[in-house]
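**Q** Need a 3D model of the following:
(2 chains)
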2 protein chains.
Amino acid sequence: MTPLHARISTTLRDRIRRGELAAGSSLPSEAELCQEFGASRGTVRSALATLRHEGLIGGGQGRRPVVRDTAVGQPFETLLSFTAWAERIGRTPGQRTVEIARRGASAAAAAALRMAEGAPVIEVLRLRLLDGAPVMVERAAFVEHVGRLLFDFDPDTASIYAHLADRGVDLQSARHIIDAVGADETDAALLGVAPGTPLLRERRHTASAAGVPLEYGEDRYRPDRVTFTIDNARPAAAGAGQELRVRKDAEK
Amino acid sequence: MTPLHARISTTLRDRIRRGELAAGSSLPSEAELCQEFGASRGTVRSALATLRHEGLIGGGQGRRPVVRDTAVGQPFETLLSFTAWAERIGRTPGQRTVEIARRGASAAAAAALRMAEGAPVIEVLRLRLLDGAPVMVERAAFVEHVGRLLFDFDPDTASIYAHLADRGVDLQSARHIIDAVGADETDAALLGVAPGTPLLRERRHTASAAGVPLEYGEDRYRPDRVTFTIDNARPAAAGAGQELRVRKDAEK
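**A** This is a model prediction of the structure:
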């Protein structure tokens, strides 16, 4: 039999997931939860501690717990778009475009985009900022019919992804491969670090609903400013999927 | 109206998720899929390309597509346990324990374990290997009542997590914070890299079902040997959750 505290946390988790307890809203008080579940205060606190550990609720230390904005994890757009992500976490996104160029695909881009090495792609190199501070160097290679939509667009003013979506480009799925790499001379100059400084690297394969590759990107983050967080928990019941959330976080 | 190729890929994805198409099994042939869905070969291929891009199926190039073992993402245990992960991907895990010690908690461990700095914890430092090659340095700090179960255990022979589970320790949820860090002298000597080499760092907070912290760990991976992959896709319908999978991969 499932312990009462686990049944309480499961019930509250479901309410959060279904949006019955919306992001930013307060949970019922401990007294109300004790009454609803016929539980002691210690049991309710234990259930709340679970949700707090899972990142679903914040607050506490005497204050009413609040459903965290990140409780449902990172929406698709904000894992793809730096601009959408920054706005969601309440920061001001910025960018400085170093170049936008039509040139032959590198070996890595060609493999990702399933084209011949040297076939034309549109490459973008941008420095991305949060509240004016450099946090990431973005290198993206777009297939030609997508990338040429960027030549009538000022990539210093807004989100490339939002622009492409407006133009009807079907960016449906993304794979993000995360590892670490030392800063090259370009990274070092743009991010204000020494060459060789460890950076958090995200290589991104973005594709259409039909699985056709449209973009291959490589983003290099200052790890003192941005991290990725994965939360998971054992499945609540046999056969159930595990709880899993992914989030990109910025240092304050 | 949803295009036919998207309906086919959604149907097949659901069958994989529900286990009707098990990991390792072959999909129906293109001809069979054409007949089942009343679709052209091009449409079926487009649906299969989507699933291939999402990492749900492998094979192709003339061979019958096969449901990938990783199609359902990383089970909870294998994101926690190096041993379970290595075995799942068909590699031989190894470990060399450098030390297991009872000492005062560092500031980072104390904060994670919600105890006073300097309060006793059990610390483990191990080098982890895949097929005999060093891939990761593991530093773990356990709360005392859990960690002392490790003193009657040889951490060179098997999984610490499996041992703790056998002893009834309730490791229910984990948070993994991923960034990058330069190799220190210990990392460099154990991993066979130069000091300062960029490493992929995973800081791990493991807790009980009640949210009580039991372990704080810091794993440092050679990024040329291990990466993390996040796959996501736009929700299939408004209000639906996004497709999301996380996987830890090793270079062959």
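**Q** going forward, measure contacts between C-alpha atoms and count neighbours the same way
**A** Noted.
**Q** helices or strands up against the helix or strand where residue A:108 lies?
**A** Using DSSP states H and E, residue A:108 falls within helix A:107-112. For helix A:107-112, the packing partners by 3 or more C-alpha pairs under 8 Å, 6 or more residues apart in numbering or on different chains; DSSP states H and E come out as strand A:213-221.
**Q** Specify the angle between the next helix or strand after the strand it packs on and strand B:226-233 in degrees.
**A** With elements assigned by DSSP H and E, the helix or strand that comes after strand A:213-221 is strand A:226-233. In terms of direction (axes from the mean of the first three to the mean of the last three C-alpha atoms, to 10 degrees), strand A:226-233 departs from strand B:226-233 by 80 degrees.
**Q** wait, what's in contact with residue A:121?
**A** By C-alpha atoms under 8 Å, 6 or more residues apart in numbering or on different chains, residue A:121 lies in contact with A:102-105, A:141-144, A:147.
**Q** Provide the secondary structure category for whichever residue of the stretch 1-150 of chain A sits closest to chain B.
**A** Residue of the stretch 1-150 of chain A nearest chain B, by C-alpha to the nearest C-alpha: residue A:50 (4.0 Å). Here residue A:50 takes the helix state, with states given by DSSP: H, G, I helix; E, B strand; the rest coil.
**Q** okay, now the nearest residue to it once chain neighbours are set aside: neighbour count?
**A** Leaving aside its chain neighbours, residue A:50 sits nearest to residue B:211 (4.0 Å; criterion: C-alpha to C-alpha, 6 or more residues apart in numbering or on different chains). By the criterion of other C-alpha atoms under 10 Å in any protein chain shown, residue B:211 has 22 neighbours.
**Q** got it, and the one 3 residues further on?
**A** Close neighbours of residue B:214, defined as other C-alpha under 10 Å, add up to 23.
**Q** shouldn't it be in contact with residue B:142?
**A** Yes. Counting by C-alpha atoms under 8 Å, residue B:214 touches residue B:142, with 5.8 Å between them.
**Q** hey, where'd the strands end up in the stretch 101-250 of chain A?
**A** Shown for the stretch 101-250 of chain A, the strands assigned by DSSP state E, counting those that start in this stretch span residues A:120-130, A:133-143, A:173-182, A:198-207, A:213-221, A:226-233, A:243-250.
**Q** Comparing those by mean pLDDT, which bottoms out?
**A** Ranked by mean pLDDT, those end with strand A:243-250 at the bottom, a mean of 79.
**Q** so the most centrally placed residue in chain A is in which element?
**A** By C-alpha atoms, centre = their mean, chain A has its centre lying nearest to residue A:79, at 3.2 Å. For residue A:79, the enclosing helix or strand under DSSP H and E is helix A:76-80.
**Q** same for that helix, what does it pack against?
**A** Counting contacts by 3+ C-alpha pairs under 8 Å, 6+ apart, helix A:76-80 is packed against helix A:82-88.
**Q** Check the gap between residue A:132 and residue A:124 for me.
**A** Using C-alpha to C-alpha, to the nearest Å, residue A:132 is found at 20 Å from residue A:124.
**Q** circling back to that earlier point, the residue nearest to residue A:50 touches residue A:45, doesn't it?
**A** No. Counting by C-alpha under 8 Å, residue A:45 is not a contact partner of residue B:211; they are 10.0 Å apart.
**Q** follow-up on the earlier one: dump the strands of the stretch 101-250 of chain A to JSON lines, plus distance to residue A:192.
**A** Formatted as JSON lines, the strands of the stretch 101-250 of chain A follow (distance: least, C-alpha to C-alpha, whole Å):
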{"stretch": "strand A:120-130", "distance to residue A:192": "11"}
{"stretch": "strand A:133-143", "distance to residue A:192": "8"}
{"stretch": "strand A:173-182", "distance to residue A:192": "13"}
{"stretch": "strand A:198-207", "distance to residue A:192": "12"}
{"stretch": "strand A:213-221", "distance to residue A:192": "12"}
{"stretch": "strand A:226-233", "distance to residue A:192": "15"}
{"stretch": "strand A:243-250", "distance to residue A:192": "17"}
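**Q** which stretch among those comes nearest residue B:164?
**A** Evaluated with C-alpha to C-alpha, these place strand A:226-233 nearest to residue B:164, the distance being 16.5 Å.
**Q** What does the pLDDT read for residue A:84?
**A** On the pLDDT scale, residue A:84 is placed at 85.
**Q** check contacts around the closest residue to it other than its chain neighbours.
**A** Leaving aside its chain neighbours, residue A:84 sits nearest to residue A:78 (5.0 Å; criterion: C-alpha to C-alpha, 6+ apart). Contact partners of residue A:78, counting by C-alpha under 8 Å, 6+ apart, are A:84-85, A:88.
**Q** And residue A:78, how close does it get to residue B:234?
**A** Using C-alpha to C-alpha, we find residue A:78 at a distance of 11 Å from residue B:234.
**Q** By average pLDDT, which secondary structure element in chain A comes out worst?
**A** In chain A, no helix or strand scores lower on mean pLDDT, DSSP states H and E than strand A:57-60, which sits at a mean of 75.
**Q** That strand near chain B anywhere?
**A** No. Figure legend: strand A:57-60 not in contact with chain B (C-alpha under 8 Å from any C-alpha of the partner chain); closest approach 12.2 Å.
**Q** how about that strand: buried residues?
**A** By neighbour count on 16 or more other C-alpha atoms under 10 Å in any protein chain shown, the buried set for strand A:57-60 is A:57-58.
**Q** what does stretch A:190-210 give?
**A** A:190-191, A:193, A:196-210.
**Q** So residue A:5, which state does it fall into?
**A** Assignment for residue A:5 (three-state DSSP): helix.
**Q** so it makes contact with residue A:47?
**A** Yes. With contact defined as C-alpha under 8 Å, residue A:5 reaches residue A:47; the gap is 4.8 Å.
**Q** Next, show the common contact partners of the two.
**A** By the contact definition C-alpha under 8 Å, 6+ apart, residue A:5 and residue A:47 are jointly contacted by residue B:210.
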